[in-house]
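Engineer: Model the following, please.
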Amino acid sequence: MSFGISAIGRALGKPIAVTDILADGAGDKARRNLQAKGYRRLYRADDGVGVCDLAADAAESALAKAGVRPGHVDLVVLAISDLAEYLYWDAAAAVQAAIGARRAEAVLMNQACSAGILAFDTVAGKLATHPDYETAVVVTANRVCEPYWDRARTGTSVSSDGAVAAVLRRGHPHCRWLVTEVITDGRYVDFMRMEVGGQARPFSPAGPKPEIRSLVDRMDAFFEGDGQAAYRFSTTMRARNRLVLERACERAGVPSGSLAKIIYLNDSISAFGGLAKELGIPLDRTNAELAMDHGHFGTADQLLCLERYLADGELRTGDTVALLSMGSGMHWSCTLLAV
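Structural biologist: Okay, the predicted model is just below:
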């Protein structure tokens, strides 16, 4: 399929300096943990602002930049990594209605942090099977569900709130989709799960507190205290990032060494160092610096950084860029775009 990005819009929460968080009564252990991750800033949405609010604002911004009326949109794909405002509720349909894209098909994707990259493959498939579809809007969004998720300690990153949307048009020559590749390994599906709230263990006033445990606690429980198994898992995660990138480059006929940028999820600075070492590239070919100024937006990191690089002229016509991610499930994914 031939389609490309005609415009990108975003809607972010309010910026907060990490130093302000460190000064706000954080314990010594929490302070050291946050400092070690390397972030300078994160973004937090106001109370009462949901993920669909952010998604709709970003989609409207992208459509305005592209000069596309909502009624001309054929497909809306919403990619999220956290909970939406409600259960038993279709967040993608809610965004479709909010932006006035009444005739568009709506698709919800929730493959954790990989969903934003996998959305390109979904658009490719929909365009292939629906010859009348001309315009799609991919919306990547994150709003931390704070009662269940600690922004600073639940994962390896520091989580931010915001949404980034891209208008994709059939035959558009810029930021043209080349290929999407994914690796899934369901052996690790239980690593991130919240123990209560689902059908197996519904919410109950007498039950345990519903929350995602800290990364250290999850590692210890999942690997039953086996440090070697946990180390092998970490090694596997890095190797799979390289493998999915290599597979994407092979399918597209693009030498991996020719990639102008490899835009990864906005992980900690140590994670970026491990990625650069695994791929054999200098750190400045990644989005590490941008990541430290923004925090982790779940599914939205890659589009956010792509928009910044395009606006700043760091990516030019003729460049090829890789959008790379991994997400609980586990999924490793890579989309290549020809700028």
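Engineer: And the strands in the stretch 101-250 of the chain, which stretches?
Structural biologist: Under the criterion DSSP state E, counting those that start in this stretch, strands of the stretch 101-250 of the chain are mapped to 105-109, 135-142, 162-170, 176-184.
Engineer: Setting aside sequence neighbours, what's the nearest residue to the most centrally placed residue in the chain?
Structural biologist: Nearest to the geometric centre of the chain sits residue 299, at 1.8 Å (CA atoms, centre = their mean). Leaving aside its sequence neighbours, residue 299 sits nearest to residue 116 (CB to CB, 6 or more residues apart in numbering; 3.6 Å). C-beta: built from backbone N, CA, C; applies to glycine.
Engineer: count of neighbours near that neighbour?
Structural biologist: Residue 116 sits with 35 neighbouring residues when counted by other CB atoms under 10 Å.
Engineer: Tell me who's in contact with it.
Structural biologist: Contact analysis of residue 116 by CB atoms under 8 Å, 6 or more residues apart in numbering lists 79, 138, 140, 298, 299, 300, 301, 302, 303, 323, 325.
Engineer: Which of those residues ranks first by neighbour count?
Structural biologist: Comparing the contacts of residue 116 on neighbour count, residue 300 comes out first with 34 neighbours (neighbours: other CB under 10 Å).
Engineer: Would you double-check that that residue falls in a helix?
Structural biologist: Yes - under DSSP: H, G, I helix; E, B strand; the rest coil, residue 300 falls within a helix.
Engineer: Verify the contact between it and residue 166 for me.
Structural biologist: No - taking CB atoms under 8 Å as the definition, residue 300 is not a contact partner of residue 166, at 10.3 Å.
Engineer: list the buried ones in stretch 77-95?
Structural biologist: 77-84, 91-95 (16 or more other CB atoms under 10 Å).
Engineer: swap in stretch 237-244?
Structural biologist: 237, 238, 240, 241, 242, 243, 244.
Engineer: What is the nearest of those to residue 144?
Structural biologist: residue 237 (22.2 Å; CB to CB).
Engineer: How about that closest one: what's its closest non-neighbour residue?
Structural biologist: Closest to residue 237 by CB to CB, 6+ apart is residue 326, at 6.4 Å.
Engineer: That'll do, ta.
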